[in-house]
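Peer 1: Give me coordinates for this.
(one chain, ligands or ions: 1)
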Amino acid sequence: MTSFPWLKGHGTENDFVLLPDPDGTIHGDLDASLVRFLCDRYAGIGADGVLRVIEGDKQSYVEDGGDWFMDYRNSDGSIAEMCGNGIRVFVRYLVDAGLAGDKPVRVGTRAGIKDVVLNDDGTLTVDMGEPVLPGPAGIVVEANGHQWPATHVDMGNPHAVAFVDDLSEPGHLVDQPVWTPAEAFPAGVNVEFVVRKGPNEVAMRVHERGAGETRSCGTGTCAVAVVSARQARQERPVTYRVGVPGGSVTVTWRADNHLELTGPAVVHARGEFDRAWLPA
Ligand SMILES: N[C@H](CCC[C@H](N)C(=O)O)C(=O)O
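Peer 2: Purely as a prediction, here's the structure:
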């Protein structure tokens, strides 16, 4: 098939190209060069990543693909285990297309099944699962000539969370922040810089693995909420409002150690792409 449908959506301005591929035969194993082209903000459509939509039992990446499997790719073409903003956009698409079925939608990801619910106010709530804090202690991230201690939080994907005095300190975040010890993140890492705004409110910036600085990172907001609650020695359940350049989300760290991410998601464009348009 030379042409295929695409849609565009975002969650707090973390934006994605959606590729409906119900039985997985339109794209086969998604080509990284196609992902890079689609995500190119000048020569392509432009996005932080791609969300391919496959029926859970038609994919071969994981054992349990849920109702629908979210095949997530970063804009550099790399694969990541999970995307907290993307999964809200993913379910928004399923709801709009009449494919969502009953609540909650069981979305398969490379980080396991995530249940997603559409709320009456149009926001979506994702059970993001449990955070893991693998250490080691003594991680330092460096950007713009500054260094900060950071905490490793695994949300299915890796995060390094650093408190800063001001969100301008990390500078333009064009390059991936450097971390030590190098072996702390052998597969790379998403780096979050955070400032506290109140007892249950923080604001953050993020340099995402495989995408660069983005306007928001859903798994990152969860990692930031965990580190912020631990810093304040808050007991679970605890809820944080997390401000991001693209808006804000709510993260609840439940008594059962699961994190719930609630935020907006919109699908705002659609089109048809012809492979003949791909550069030779
Ligand atoms: N860049 C991330 C994946 C996307 C995460 C982010 N967009 C989110 O909403 O969680 C990684 O390589 O782990």
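Peer 1: and Lys114, helix, strand or coil?
Peer 2: When classified by DSSP: H, G, I helix; E, B strand; the rest coil, Lys114 comes out as strand.
Peer 1: likewise Arg36?
Peer 2: Strictly by three-state DSSP, Arg36 counts as helix.
Peer 1: Next: Arg52.
Peer 2: Quick answer, by three-state DSSP: Arg52 is strand.
Peer 1: Report the beta-bridge partner residues of it.
Peer 2: Leu19, Asp71 (DSSP bridges).
Peer 1: which outside residues touch stretch 56-67?
Peer 2: 22-24, 54-55, 68-69, 71, 101, 105-110, 112-114 (CB atoms under 8 Å, 6 or more residues apart in numbering). C-betas here are computed from N, CA, C, even on glycine.
Peer 1: Let's see that with 6 Å instead.
Peer 2: 23-24, 68-69, 105-108, 113 (CB atoms under 6 Å, 6 or more residues apart in numbering).
Peer 1: Now do the strands in the stretch 51-200 of the chain.
Peer 2: For the stretch 51-200 of the chain, applying DSSP state E, counting those that start in this stretch gives strands covering 68-74, 105-109, 112-118, 124-129, 140-143, 146-149, 151-154, 158-163, 178-180, 190-198.
Peer 1: on contacts alone, who are the packing partners of the third one?
Peer 2: So the one you mean is strand 112-118. helix 84-96, strand 105-109, strand 124-129 (3 or more CB pairs under 6 Å, 6 or more residues apart in numbering; DSSP states H and E).
Peer 1: Dump the C-alpha coordinates for the last one into CSV.
Peer 2: Taking Å, rounded to 0.1, in the frame of the first residue of the first chain, the C-alpha atoms of strand 124-129 are listed here in CSV:
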residue,chain,number,x,y,z
LEU,A,124,-7.9,10.9,30.7
THR,A,125,-6.4,9.0,33.6
VAL,A,126,-3.7,6.4,33.2
ASP,A,127,-2.7,3.8,35.7
MET,A,128,1.1,4.2,35.1
GLY,A,129,2.0,1.3,37.4
